[in-house]
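Novice: Sharing a sequence plus its predicted fold:
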Amino acid sequence: MKIRNKKDALVVGALVAGIVIISESIIGCLNSENIIRCILIDSSFWFGMFTLGYGLYAANKPESEVLPDERTERNYQKAGSTTFWIILVSVGLMSLANEMGLYNLETRDVLSATILIGLFSLFILDFYYNKKGIGYIIRTVKENKLLFSAFFIIILISGLMIVLINCPSLIIPDNVKNVGFVDDSNILMSDHNFTGCGDNFTEYRDIDSAKQALMGGNIFLFFVIHEDYLETGRVTVYSKEGIFSDFTPTTTIEEFLRKNLLIYANVSDEIILKLEDSEITEKEIDDLLKRVNITDEMSQRIQHPMVEEKVIVKKGDVE
């Protein structure tokens, strides 16, 4: 796209700025546990969407409609002046509410609210002073399918954000990595419980205490290793009733059990390192375990450490 006039410069600038701001917002949320929620509550993302939407709007309009004439410029300045006072009053009210203890406002919340109030006020006042009205907005959207698509996406994302805010059960819990366990087989050794698996596994003395921790939100789920575990591989997973009740980090639990089984069988660190090779085959695993005199039963359990059973815990199940 060649930049021939002020309108082209405005369009290119708005599109580039919008994409950069949106990208920066998304990148900043990549390390968050709940990426979607982080993006949706980030004011930078919405400012970027607004800028990108304006660029798309301006790209499909003649220069006379995009760049203001003298009258429109005066009205825009008037709208900007009024917006300034609206922002000033809004910040003052938020500051007063915070001082009176009515609401404990964080700096991020105040900045987000201020940006949204400013953008909304400027947009509404600009249309009001230039007497364009709602009909102008509808005509503009009808004439601009690309702009309509952008507005539809924004409305869809806004609706999703409202649902997530008002339905916390739909949001992935913060404790999703915290797993508890009850060892009825006495296979897991207390001084090796967390070897190579992080520090998110917590042992409980019995099922009742684990259920209380589950319902209290201390853990996302817990599993019980039964007395006949070596023969059957039977492991019962307990999770709380809800939309995420069927989610089980099976791979993580299996890795945790496998490491403890190897330690229980007194397998050397050298052999363990070889077994952890991602390219090792089942036959090579069998050969390695036979070389260190591991029984067929234990070898089978090391390779397939978990036969899962599922139990959903409801509120009434815990006293």
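Specialist: Looks like it arrived, so ask away. Residues are numbered from 1 along each chain as shown.
Novice: Report the strands that pair with the helix or strand hosting Thr202, each with its relative direction.
Specialist: Take DSSP states H and E as the rule and Thr202 turns out to sit in strand 201-203. Strand 201-203 has the following strand partners under DSSP bridges: strand 179-183 (parallel).
Novice: got the contact list for the strand it pairs with?
Specialist: 188, 200-207, 210, 213-214, 218-225, 249, 252-253, 256 (C-beta atoms under 8 Å, 6 or more residues apart in numbering). From N, CA and C alone the C-beta is placed, and that goes for glycine too.
Novice: Tell me the buried residues in that strand?
Specialist: Val179, Gly180, Phe181, Val182, Asp183 (16 or more other C-beta atoms under 10 Å).
Novice: Can you tell me which helices and strands the next helix or strand after the strand holding Thr202 packs against?
Specialist: Next along the chain after strand 201-203, taking DSSP H and E as the criterion, comes helix 207-215. Where contact means 3 or more C-beta pairs under 8 Å, 6 or more residues apart in numbering; DSSP states H and E, helix 207-215 is packed against strand 179-183, strand 221-225, strand 234-240, strand 307-313.
Novice: burial measure for Lys283, as a count.
Specialist: Lys283 has 8 neighbours, counted by other C-beta atoms under 10 Å.
Novice: Report whether it is found in a strand, as I expect.
Specialist: No. Using DSSP: H, G, I helix; E, B strand; the rest coil, the assignment for Lys283 is helix, not a strand.
Novice: before we move on, back to that, please identify the deepest-packed of the helices and strands packed on helix 207-215.
Specialist: Neighbour counts averaged per stretch over the helices and strands packed on helix 207-215 are highest for strand 221-225, at a mean of 24; criterion: mean count of other C-beta atoms under 10 Å.
Novice: about what we covered before: with mean pLDDT and distance to Val16 as new columns, can the helices and strands packed on helix 207-215 be given to me in a markdown table?
Specialist: A markdown table is the format used below for the helices and strands packed on helix 207-215 (pLDDT from 0 to 100; distance: least, C-beta to C-beta, whole Å):
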| stretch | mean pLDDT | distance to Val16 |
| --- | --- | --- |
| strand 179-183 | 90 | 45 |
| strand 221-225 | 91 | 46 |
| strand 234-240 | 89 | 46 |
| strand 307-313 | 84 | 50 |
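Novice: now the ones you listed as JSON lines including distance to Trp85?
Specialist: JSON lines is the format used below for the helices and strands packed on helix 207-215 (distance: least, C-beta to C-beta, whole Å):
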{"stretch": "strand 179-183", "distance to Trp85": "54"}
{"stretch": "strand 221-225", "distance to Trp85": "53"}
{"stretch": "strand 234-240", "distance to Trp85": "50"}
{"stretch": "strand 307-313", "distance to Trp85": "55"}
